[in-house]
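Student: just coords:
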């Protein structure tokens, strides 16, 4: 049985829809796990590793996860805390603007109990984290998380990492670069985005970005290029561009990169090569941008996944 964990912060999501607001649940690593849960076999174990408050909104989050087959492992519940909140507004082209309220989010303390974190990560086939996971933690908590990821990796887990640089969450770019390099040292699959990587690390183009990550010892890179698709690279093989689907008109681009991550990882767990995984992930990212909010319905995702696999099998014959 496949056992997957994703570590980070799931927030309350307020989505503007005309004159009304819709309340949901989302966050980059949760969105990735949502896609994984939809695409992995039903018997796969998927857990979101975080910390919850003891308020009604935390209860609502836990119930939402449980209702969709997502566990919470040994994630603690912390008295007096609550989930973070963000609101999304969209322009006519589907591009987003965000407002955040997360200073007292319980998830900031997800690594305060190393024993509970270790329990949550032990015995996994895959563990996914992001730069936002790192950014919300104290330096000491980042060290704890990195050590526990290294321990889980020694036990056979693959570690995937999306740097997902958000400047507002960091005290400065030097701190972000240092924290990300430390995490990349225990990473098996890097899932960065362009041009974020160029802005943070000074890479002059996507090929240089992939080369830098491989030089750090990361075995596999899938660099998201937005409307241009993705670039995949592994040690000892040339990087390959995997084009995006043509002529897509997004309804809402929220969560597209996270959906790509989840589909890419599901494909790799199923044994697909990186380029095939990127083709499937591009297709599933298109499903995400066709709905409001970060989370497409699981049934929609499973149908899209089946269609994508048939399309690729047919094209490769």
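Tutor: Yes, it's here. These numbers come from a predicted model, not from an experiment.
Student: and stretch 251-264, how far out from the chain middle?
Tutor: Chain-centre distance of stretch 251-264: 8 Å, with CA atoms, centre = their mean, to the nearest Å.
Student: how about stretch 131-145?
Tutor: 16 Å.
Student: need the three-state assignment for residue 266.
Tutor: helix (DSSP: H, G, I helix; E, B strand; the rest coil).
Student: count of residues packed around the residue nearest to it when sequence neighbours are not counted?
Tutor: Distances taken as CB to CB, 6 or more residues apart in numbering put residue 39 closest to residue 266, at 3.9 Å, once the chain neighbours are dropped. In short, each C-beta sits where N, CA and C put it, glycine included. Neighbourhood size, residue 39 [other CB atoms under 10 Å]: 24.
Student: can you start the count at 26 instead of 1 from here on
Tutor: OK, 26 is where the count begins now, so the last one is residue 64.
Student: enumerate every residue touching residue 64.
Tutor: Counting by CB atoms under 8 Å, 6 or more residues apart in numbering, residue 64 makes contact with 287-288, 291, 309, 326-327, 330.
Student: wait, which of those is closest to residue 26?
Tutor: Using CB to CB, residue 291 comes nearest to residue 26 of these, at 14.8 Å.
Student: return the distance of stretch 63-78 from the chain's centre.
Tutor: 13 Å.
Student: buried set for it?
Tutor: Buried residues in stretch 63-78, counted by 16 or more other CB atoms under 10 Å: 63-65, 69-78.
Student: in helices, which of those residues fall?
Tutor: Taking DSSP state H, the ones among these that sit in helices are 63-64.
Student: rewinding a little: please pick the buried ones from the contacts of residue 64.
Tutor: 287-288, 291, 309, 326, 330.
Student: from those residues, pick the one nearest residue 46.
Tutor: residue 326 (24.3 Å).
Student: what average pLDDT does the helix or strand hosting that closest one get?
Tutor: Assigned by DSSP states H and E, residue 326 belongs to helix 323-341. On average, the pLDDT along helix 323-341 is 88.
Student: and if you look at stretch 129-149?
Tutor: Mean predicted lDDT for stretch 129-149 stands at 97.
Student: show the end-to-end separation of it, please.
Tutor: 29 Å (CA to CA, to the nearest Å).
Student: which residue ranges form the helices in this structure?
Tutor: Using DSSP H, helices in the chain cover 53-64, 81-92, 139-146, 156-160, 164-179, 198-209, 221-226, 231-240, 281-294, 299-313, 323-341.
Student: quick one: contacts of the fourth one?
Tutor: So that's helix 156-160. By CB under 8 Å, 6+ apart, the list of residues contacting helix 156-160 reads 32-34, 52-54, 167, 170, 186-191, 194-195, 201, 204-205, 208.
Student: what number of residues lie near residue 338?
Tutor: Residue 338 - counted by other CB under 10 Å - has 10 other residues nearby.
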